[in-house]
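In: let's see this in three dimensions:
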Amino acid sequence: MRVLILGAGQVGSTVAETLVGEENDVTIIDSDPAALHALEDRLDLRAIQGHAANPQVLEAAGARQADMLLAVTSNDETNMVACQVAYALFHTPTRIARVRQQAYLEAEELFERQAFHIDVLINPEQLVTEYVQQLIKYPGSLQVLDFADGRVKLVAMRAFQGGPMIGSKLAAIHEHIPQQDTRVAAIYRDGKSISPVGDTVIQPNDEVFFLAATPDIRKVMSEFAPSQKSVKRVVIAGGGNIGMRLATALEGDYNVKLIERSVTRAQYLAEELKRTMVYVGNG
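Out: From the prediction side, this is the model:
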């Protein structure tokens, strides 16, 4: 696949390394020659210096032949315009943009088909916020992913002694919790993947991945490890974009305290957040 990446920062470099490793044809654009040279020295890719949204630069980089464009520069406006240019001038089939500013994300009309032609929006802060929210909601989980509009979840957790399923064959879970329908999708033991079958015996420290309906998640988790107390109080160290988003998302359901070192920023947070207690200090 021919992939055009805009931005050679941390995100762009990481994506480029992954895609090159999967034998994709990668071209990357950035205005910083040093960043491009560093990537060319260690990766099999093509580097183009220039402004990521400039039509001439995009054409020179092969936007017309590209299968996908990933706009992940540090500038939201550049990413949005680059996707529009790629759509209008070069008909690039798939366009993905990183957009971080909430003001843009809240204006959904911007991303309708007659406006900016962006197929997928990536918002790192929102992804981190949602990830942490799920871990707080399901204590003991390592990862929680939503499927079917949130009706089903894939949960990763570690099995611990004291869980009813420890030492039991996997098939026994349906006897333990007959009212809950769950499927174990994968097990990692000592860093190695095990294909779960009915005769697989659950051992302490197994990393278990299971699918279940959202209302049944806690019950299924309690089979692999002793139940943990629900989280009631949350302390957030740092009131940056992620800290503020997380406090906003959690303050309706939890007792949230946020620690911010900047007095000015702390005052702003105290005014914006409704129920979060904001403290000035080092987290």
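
In: switch to C-alpha atoms for all contacts and neighbour counts from now on
Out: OK.

In: now do the most centrally placed residue in the chain, the pLDDT please.
Out: Of all residues in the chain, the one closest to the mean position by CA atoms, centre = their mean is Leu127, 4.1 Å from it. We have a pLDDT of 85 for Leu127.

In: so where's the protein uncertain?
Out: For the chain, the stretches flagged by pLDDT under 70 are 113-114, 283.

In: any idea how it splits into domains?
Out: Listed domain ranges for the chain are 2-122, 140-224, 233-280 (source: automatic domain parsing).

In: hey, where'd the helices end up in the stretch 1-150 of the chain?
Out: Remark: helices assigned in the stretch 1-150 of the chain by DSSP state H, counting those that start in this stretch are 10-21, 33-42, 55-60, 76-90, 102-106, 124-137.

In: got it, and the stretch 151-283 of the chain?
Out: Ranges of helices in the stretch 151-283 of the chain, per DSSP H, counting those that start in this stretch, are 173-176, 217-224, 241-250, 263-272.

In: of all those helices, which lies closest to Ala66?
Out: Taking CA to CA, helix 241-250 is the member of these nearest to Ala66, at 33.1 Å.

In: for the closest one, packing partners?
Out: Packing partners of helix 241-250 (3 or more CA pairs under 8 Å, 6 or more residues apart in numbering; DSSP states H and E): helix 124-137, strand 233-237, strand 255-260.

In: buried set for the longest one?
Out: If I follow you right, that is helix 124-137. Within helix 124-137, the residues that count as buried by 16 or more other CA atoms under 10 Å are Glu125, Gln126, Thr129, Glu130, Val132, Gln133, Gln134, Leu135, Ile136, Lys137.

In: just flag the most distant two among these.
Out: Across the buried residues of helix 124-137, no pair lies farther apart than Glu125 and Lys137, at 18.2 Å, counting by CA to CA.

In: kind regards, and thank you for your time.
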